[in-house]
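>>> Sequence plus predicted model, see below.
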Amino acid sequence: MNTLRFRRAAVAVAAAAALPLALTACSDDSSDSASDNSSSTAASTPKESTPAADDTAMTDKPFGPGCATVPKDGAGSFDGMAQDPVATAASNNPALSTLVTAVKKAGLVDTLNNAENITVFAPTNDAFAKIPKADLDKVLADKATLTKILTYHVVGEKLAPKQL
């Protein structure tokens with residue numbers, strides 16, 4: 001039982017750190033990695049296929065097509081989300097509403113809101129839309145499976161945008 005609590009806490013902690021950045025929701029790879037179980041491997045292995053000049057140009061700002069859905073100002077904007085705890089920040093961004101539903105069903109809202117020094121790779125609603133509805137509904141109804149999947153989107157340290 002303690003192992004399960006620790007695992008849930010670790011997932012929540014990791015999710016809380018990265019969500020305010022919401023950078024993964026903006027990258028080209030976020031929607032593809034959100035629908036498979038290799039997302040943690042892809043997230044932890046930096047890609048070296050782009051020139052160094054491109055890396056430095058994009059490290060300080062959100063990048064990718066998903067960024068167009070992030071509000072420019074207000075509570076759901078990048079600046080607004082950075083001011084709130086992770087689950088609260090996600091709930092303020094309409095592009096993350098399916099993720100928020102999953103976090104609530106997994107019972108991780110308080111854990112995420114109290115977590116420090118984590119990074120969350122936050123899949124957008126568009127990423128969830130690629131999952132067949134019947135499959136998504138099945139996972140959302142299974143708290144243990146849902147928690148396990150959410151764990152793949154959390155890193156136990158706070159990563160800076162240039163580290164992504």
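Cool, the structure landed.
>>> remind me which residues of the chain are low pLDDT?
For the chain, residues meeting the criterion pLDDT under 70 lie at 1-66, 68-69, 80.
>>> Where do the helices of the protein begin and end?
Ranges of helices in the chain, per DSSP state H, are 2-18, 30-34, 39-44, 52-58, 78-82, 86-91, 97-105, 109-114, 125-129, 133-141, 143-151.
>>> Could you give me the buried positions within stretch 115-126?
115, 118-126 (16 or more other CB atoms under 10 Å). Every residue, glycine included, has its C-beta placed from N, CA and C.
>>> so how far is K148 from A127?
Separation of A127 from K148 (CB to CB, to the nearest Å): 17 Å.
>>> and these two? which has more neighbours close in?
Applying other CB atoms under 10 Å to A127 and K148 shows that A127 carries more neighbours, namely 22 against 16.
>>> V155 is in contact with A115, isn't it?
No - using CB atoms under 8 Å, V155 makes no contact with A115, being 11.5 Å away.
>>> neighbours of D135, just the number please.
D135 is flanked by 10 other residues according to other CB under 10 Å.
>>> mind listing what it touches?
Not one residue lies near D135 by CB atoms under 8 Å, 6 or more residues apart in numbering.
>>> What separation do you get for it and V109?
Distance of D135 to V109, computed by CB to CB: 23 Å.
>>> Any idea how far apart the tips of stretch 75-90 sit?
Across stretch 75-90, the terminal residues are separated by 9 Å (CA to CA, to the nearest Å).
>>> Could you list the buried residues of it?
76-78, 80-81, 84-90.
>>> what comes up buried for stretch 136-153?
136, 139-140, 146-153.
>>> Among those residues, which one sits closest to V70?
Checking these against V70 with CB to CB, the nearest one is H153 at 17.4 Å.
>>> Name the nearest residue to the closest one, ignoring sequence neighbours.
Sequence neighbours aside, F121 is the residue nearest to H153 in space, at 4.5 Å (criterion: CB to CB, 6 or more residues apart in numbering).
>>> Distance of the one you found relative to A141?
Applying CB to CB to F121 and A141 gives a distance of 23 Å.
>>> Could you do A87 as well?
Distance, A87 to A141, using CB to CB: 20 Å.
>>> thinking again about what came up before, could I get the buried residues of stretch 115-126 as a markdown table with distance to L159?
Putting the buried residues of stretch 115-126 into a markdown table (distance: CB to CB, whole Å) gives the following:
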| residue | distance to L159 |
| --- | --- |
| A115 | 14 |
| I118 | 9 |
| T119 | 4 |
| V120 | 10 |
| F121 | 10 |
| A122 | 13 |
| P123 | 16 |
| T124 | 18 |
| N125 | 23 |
| D126 | 22 |
